[in-house]
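Here is a sequence with its predicted model. Questions after.
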Amino acid sequence: MWKLPLMEARTSVSGSGDTHIIGVFQDSGKKAIPPKANYGELVEKLRRAEVFKAKPSTSHFVRFGDRKNDENVLFLGLGAEEELTQEKLRVAGGQAWSKLVAEKAKVAVIWVDSFQGQSHAMRAFAEGMMLNAYQLRNYKTKADSKDPSKDPSKDPSKDPSEGEAFGPSQLIFLTREKSLKAQLDTELSQVQATGEAVRVTRDWSNEPSNIGTPSYYAGEAKRLAQQFGLKCRILSEQEAKREKMGLFLGVGQGSVQENRLVVVEYSPKNLKKSPKENGKNGKTIALVGKGVTFDSGGISIKPSAKMEDMKHDMTGAATVMGAILLASQWKVPNRVIAVMAFVENMPDGEAIQPGNILTARNGKTVEVINTDAEGRLVLADALDFAQDFKPDAVIDVATLTGAVSVALGKYCCGILGNDEELIGAIQRAGEAHGERIWQLPLFDEYFDDLKSDYADMKNSANDSNGGTIRGAMFLKQFIRKKTLWAHLDIASTAYNLGHSSYLPKKGASGAYVRTLARFVADF
């Protein structure tokens with residue numbers, strides 16, 4: 001398995017690196033400002049020649065040749081200093097990583113003082129680099145495997161499992177301010193943890209469904225929980241039957257793969273039994289993830305076009321897993337319960353049919369109108385189960401509706417819920433990491449479309465109007481009184497984004513892992 005690059009802060013460049021990265025700002029005349037320290041003369045030459053103007057999202061690579069002790073330099077345009085934002089730094093980090101990969105850099109030295117000399121600024125830059133360092137897991141056979149000279153395992157810059165260069169193995173953040181080094185060490189360790197957690201989410205979501213089955217993810221969750229020192233409980237189908245999870249089990253009836261409900265728990269050290277003893281902290285947040293490992297649509301089968309992307313229909317569960325891993329590494333002061341409901345939706349002779357009536361864990365009955373509206377069935381029982389932990393807030397994450405793509409496109413996810421303060425807190429957490437979240441209404445009238453003549457409710461209406469809101473309104477029926485709840489519909493942002501330098505163009509995005517970890521840290 002490939003490894004993310006190591007990051008460290010230094011006050012001197014012992015051992016040096018083959019490529020140095022310098023941030024360059026613009027003056028009021030939109031021209032590059034030569035750095036006061038190293039490489040100022042070179043930037044001045046580029047400025048006079050108008051080769052490099054330091055516009056945002058631009059770069060200039062200078063190669064000094066192959067002579068010993070010569071380092072290459074990557075100048076990054078940052079624009080006007082007063083207009084620099086965390087997100088712009090994150091984007092610059094992603095672009096820098098791509099350039100380092102293209103230039104086959106082994107060790108990169110980032111001159112922190114040229115980027116404003118602030119630890120939080122470098123955190124955003126490092127985050128962009130780390131998120132772009134992800135390599136899409138693939139199952140290609142190695143070309144030229146009979147030629148030892150072309151064996152990728154002989155080259156330390158390549159991943160032996162994939163045979164492709166993946167960039168520098170080390171990133172050194174250099175500062176002349178000794179007092180800044182300790183802050184940088186803390187920030188970089190958190191960024192390293194971010195990269196590892198997002199990698200888990202992306203890997204899970206990208207896994208083909210013949211490998212990524214409910215039992216596979218249950219096993220991986222158990223392994224990771226042990227690795228990170230978390231509690232893990234896995235409920236089999238028999239245990240789910242004892243829990244009377246009729247909706248969750250109904251979705252999996254048509255599959256040979258058995259359902260799995262996975263519960264992972266993180267508790268901060270010194271957590272008191274009484275909430276009052278913990279003061280502001282010590283709250284319990286439940287994160288609930290939809291884990292449909294493949295969604296054929298069931299009897300209401302989907303069109304064949306792009307059906308291969310339905311392996312990503314478990315990204316809600318993957319996001320929740322990444323978030324609790326990151327929260328544990330950040331040592332957040334609140335307790336986190338991750339409930340992941342894994343199931344495969346297939347159309348065999350035992351599959352649920354339109355018109356069937358199922359009974360939920362909370363006793364409510366549901367008429368199935370469309371078997372492709374299965375995610376809300378899975379989540380309904382999982383949400384009810386999660387509320388047994390008496391959480392202070394419940395957040396569910398799901399690739400729930402195609403309608404959210406129609407409403408919002410691919411540049412943000414939708415959020416709905418029953419508490420404005422909770423929704424606002426999640427949105428602020430998203431803004432801190434460049435992950436956009438837009439609130440949609442949840443008016444009571446939307447439930448009129450889900451009323452059934454035969455059961456307490458239907459799982460779908462007879463037209464496509466307000467599909468995202470209707471999906472959330474269905475889930476709301478399983479939220480108990482006084483429970484704070486929010487629903488994130490990530491169907492349009494789960495995969496194939498690529499609109500930012502640190503997001504993969506193909507495969508899972510890993511979006512909202514950072515948002516949820518930040519939320520549970522600050523709630």
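Thanks, I have it.

Show me where the stretch 1-150 of the chain dips below the pLDDT cut-off.
Across the stretch 1-150 of the chain, the ranges flagged by pLDDT under 70 are 1-2, 13-15, 65-70, 143-150.

can you map out the helices along it?
In the stretch 1-150 of the chain, helices defined by DSSP state H, counting those that start in this stretch lie at 40-48, 86-102, 119-132, listed in chain order.

Give me whichever of these is most buried.
helix 119-132 (a mean of 25; mean count of other Cβ atoms under 10 Å). No exception for glycine: its C-beta is placed from N, CA and C like everyone else's.

and that helix, what other elements does it pack with?
helix 86-102, strand 107-111, strand 170-174, helix 178-206 (3 or more Cβ pairs under 8 Å, 6 or more residues apart in numbering; DSSP states H and E).

quick one: residue 62 from residue 135, how far?
Separation of residue 62 from residue 135 (Cβ to Cβ, to the nearest Å): 27 Å.

host element of residue 395?
strand 393-398 (DSSP states H and E).

same for that strand, what does it pack against?
strand 284-295, helix 315-330, helix 375-386, strand 485-489, helix 513-522.

rerun that using 7 Å as the cut-off
Applying 3 or more Cβ pairs under 7 Å, 6 or more residues apart in numbering; DSSP states H and E, one finds that strand 393-398 contacts strand 284-295, helix 315-330, helix 375-386, strand 485-489.

same for the helix or strand hosting residue 366, what does it pack against?
Residue 366 is part of strand 365-367 when elements are defined by DSSP H and E. Contact here means 3+ Cβ pairs under 7 Å, 6+ apart; on that basis strand 365-367 packs against strand 357-359.

So what are the sheet partners of the strand it packs on and their directions?
According to DSSP bridges, strand 357-359 has the following sheet partners: strand 365-367 (antiparallel).

what comes into contact with the strand it pairs with?
247, 357-360, 377, 452, 454-459 (Cβ atoms under 7 Å, 6 or more residues apart in numbering).

mind running it again at 6 Å?
357-359, 452, 454-459 (Cβ atoms under 6 Å, 6 or more residues apart in numbering).

neighbour-wise, which of the residues you listed leads?
Among the contacts of strand 365-367, the one with the most neighbours (other Cβ atoms under 10 Å) is residue 459, at 26 neighbours.

Closest to residue 434 out of the contacts of strand 365-367?
residue 459 (34.4 Å; Cβ to Cβ).

Mind checking what secondary structure the closest residue in space to that closest one that isn't next to it in sequence has?
Spatially, and ignoring its direct neighbours in sequence, residue 459 is nearest to residue 373 (4.8 Å; Cβ to Cβ, 6 or more residues apart in numbering). Assigned by DSSP: H, G, I helix; E, B strand; the rest coil, the conformation of residue 373 is coil.

My guess is residue 221 contacts residue 262. True?
Yes. With contact defined as Cβ atoms under 6 Å, residue 221 counts as touching residue 262 (4.7 Å).

Show the pLDDT at residue 162.
Looking at residue 162, its pLDDT reads 44.

I'd like the helices and strands packed on helix 119-132 laid out as CSV, including distance to residue 323.
As requested, the helices and strands packed on helix 119-132 are exported to CSV (distance: least, Cβ to Cβ, whole Å):
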stretch, distance to residue 323
helix 86-102, 19
strand 107-111, 28
strand 170-174, 25
helix 178-206, 7
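
Let me know which of the ones you listed is the nearest to residue 420.
Comparing the helices and strands packed on helix 119-132 against residue 420 with Cβ to Cβ, the closest turns out to be helix 86-102 (24.9 Å).

and residue 418, what is it in contact with?
residue 485 are the contacts of residue 418 under Cβ under 6 Å, 6+ apart.

Kindly list the main-chain dihedrals of it?
phi -110, psi 10 (degrees, to the nearest 10).

where's it relative to residue 483, distance?
Computed as Cβ to Cβ, the residue 418 to residue 483 distance reads 8 Å.

Tabulate the helices of the stretch 1-150 of the chain (a markdown table), appending distance to residue 268.
As requested, the helices of the stretch 1-150 of the chain are exported to a markdown table (distance: least, Cβ to Cβ, whole Å):
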| stretch | distance to residue 268 |
| --- | --- |
| helix 40-48 | 47 |
| helix 86-102 | 26 |
| helix 119-132 | 22 |
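
Which of those helices sits closest to residue 21?
Using Cβ to Cβ, the nearest of these to residue 21 is helix 86-102, at 5.8 Å.

Just the CA trace of that closest one, in PDB.
Extracted C-alpha coordinates of helix 86-102, given in PDB (Å, rounded to 0.1, in the frame of the first residue of the first chain):
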ATOM      1  CA  GLN A  86      -7.700  29.600   3.700                       C
ATOM      2  CA  GLU A  87      -9.300  28.100   0.700                       C
ATOM      3  CA  LYS A  88      -7.000  29.800  -1.800                       C
ATOM      4  CA  LEU A  89      -4.000  28.400   0.200                       C
ATOM      5  CA  ARG A  90      -5.700  24.900   0.100                       C
ATOM      6  CA  VAL A  91      -6.000  25.200  -3.600                       C
ATOM      7  CA  ALA A  92      -2.400  26.400  -3.900                       C
ATOM      8  CA  GLY A  93      -1.300  23.400  -1.900                       C
ATOM      9  CA  GLY A  94      -3.100  21.000  -4.300                       C
ATOM     10  CA  GLN A  95      -1.600  22.700  -7.300                       C
ATOM     11  CA  ALA A  96       1.900  22.600  -5.700                       C
ATOM     12  CA  TRP A  97       1.600  18.800  -5.200                       C
ATOM     13  CA  SER A  98       0.600  18.200  -8.800                       C
ATOM     14  CA  LYS A  99       3.600  20.200 -10.000                       C
ATOM     15  CA  LEU A 100       5.900  18.300  -7.600                       C
ATOM     16  CA  VAL A 101       4.600  15.000  -9.000                       C
ATOM     17  CA  ALA A 102       5.100  16.200 -12.600                       C
END
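
now the angle from it to helix 178-206?
Interaxial angle, helix 86-102 versus helix 178-206 (axes from the mean of the first three to the mean of the last three Cα atoms, to 10 degrees): 80 degrees.

Helix 86-102 - contacts with which helices or strands?
For helix 86-102, the helices and strands in contact under the criterion 3 or more Cβ pairs under 6 Å, 6 or more residues apart in numbering; DSSP states H and E are strand 72-80, helix 119-132.

residues in contact with that helix?
21, 59, 74, 76, 108, 121, 124-125, 127-129, 132-133, 167-168, 434, 500-502.

can you tell me which of the helices and strands packed on strand 393-398 comes nearest to residue 191?
With Cβ to Cβ as the measure, helix 315-330 is the member of those nearest residue 191 (10.7 Å).

and the angle for the helix or strand following the closest one with strand 284-295?
Downstream of helix 315-330, the first helix or strand assigned by DSSP H and E is strand 335-345. On the basis of the same axes, to 10 degrees, strand 335-345 is oriented at 20 degrees to strand 284-295.
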